[in-house]
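Participant: When you get a sec, could you give me coordinates for this:
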Amino acid sequence: MDHPEAVINVGEQYQKQTLRNRTYFLTPQGATPFTIPVERFAYPSPPTSEICLAEHDHWRHRLEEALRSSYCSTPYWQFYEDQVISLCRCEVGGRLIDFNQHWLTFILGEWRIPIPTIVSEGVRDVDHRSDIALPSRLREGRMDLPRYWQVFEEQCGFVPNLSALDLLFHLGLEGRLYLNRL
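Facilitator: Numbers count the residues shown, from 1 in each chain. Predicted coordinates for the structure are as follows:
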């Protein structure tokens, strides 16, 4: 992948109902959301770097079970299961950005994709002119993503825009080749 270095700005004001703490898994019913709970905060919302994970409702166990039930019959589940379950249970840091960074490091590491630099406001030597967000046609579901086999495809058809784990569990290391075609 020959792309400019990615930068994640965690100094921005936290926005609810975004992919910062939400993902989608494929189940027999289709794309199913999973939300990582965060602690309540006052208005205006703090920077993303200050958002803490809420440790109620046994969400880590529910995440583990959601992943297991969605992906246990995929080609690469058994290969990645121990690492994924360990990440579900990881409580290092207690902040959303720490949790996300562990997952990002794991997934991108498997595909040998450089880990994005994490910055917060006030960093002066980062050029933000080339900020890249999801293209609007992808956000709005108008971009046709290449199909890859999915375990519930007979029930749901191909479902794009799921968690990167969906790609990892279905294609393994070949997920990188899929991403190179985008």
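Participant: Next up, the contacts around Ile118.
Facilitator: Shown in contact with Ile118 (CB atoms under 8 Å, 6 or more residues apart in numbering): Val7, Ile8, Val10, Ile97, Gln101. From N, CA and C alone the C-beta is placed, and that goes for glycine too.
Participant: can you map out the helices along this structure?
Facilitator: In the chain, the segments counted as helices under DSSP state H are 59-71, 77-89, 96-110, 136-139, 153-156, 164-171, 175-180.
Participant: Next, count neighbours for Trp103.
Facilitator: 17 (other CB atoms under 10 Å).
Participant: hang on, it packs against Ser86?
Facilitator: No. Using CB atoms under 8 Å, Trp103 is not in contact with Ser86; the gap is 11.2 Å.
Participant: Tell me the bridge partners for the nearest residue to Arg62 once chain neighbours are set aside.
Facilitator: Nearest residue to Arg62, sequence neighbours excluded (CB to CB, 6 or more residues apart in numbering): Phe34, at 7.8 Å. Judged by DSSP bridges, the bridge partners of Phe34 are Thr23.
Participant: burial count for Phe34?
Facilitator: 16.
Participant: List the residues that contact it.
Facilitator: For Phe34, the contacting residues are Arg22, Thr23, Tyr24, Phe25, Arg62, Leu63, Ala66, by CB under 8 Å, 6+ apart.
Participant: Tell me how far the closest residue to Ala6 other than its chain neighbours lies from Pro160.
Facilitator: Closest residue in space to Ala6, ignoring its immediate chain neighbours: Pro116 at 3.7 Å, by CB to CB, 6+ apart. When distance is defined by CB to CB, to the nearest Å, Pro116 is 22 Å away from Pro160.
Participant: for Thr23, same thing?
Facilitator: For Thr23, the distance to Pro160 (CB to CB) stands at 14 Å.
Participant: cool, and Arg147?
Facilitator: Per CB to CB, Arg147 is found 8 Å from Pro160.
Participant: okay, the residue nearest to Gln83 when sequence neighbours are not counted: pLDDT?
Facilitator: Leaving aside its sequence neighbours, Gln83 sits nearest to Phe106 (CB to CB, 6+ apart; 6.4 Å). pLDDT for Phe106: 95.
Participant: Then Gly30?
Facilitator: Looking at Gly30, the pLDDT reads 92.
Participant: What residues are bridge-paired with it?
Facilitator: Bridge pairing for Gly30 - DSSP bridges - gives Thr27.
Participant: burial count for it?
Facilitator: The burial count assigned to Gly30 is 12, neighbours taken as other CB under 10 Å.
Participant: can I assume it is in contact with Glu153?
Facilitator: No. Taking contacts as CB under 8 Å, Gly30 lies outside contact range of Glu153: 11.1 Å.
Participant: average pLDDT for stretch 116-128?
Facilitator: 60.
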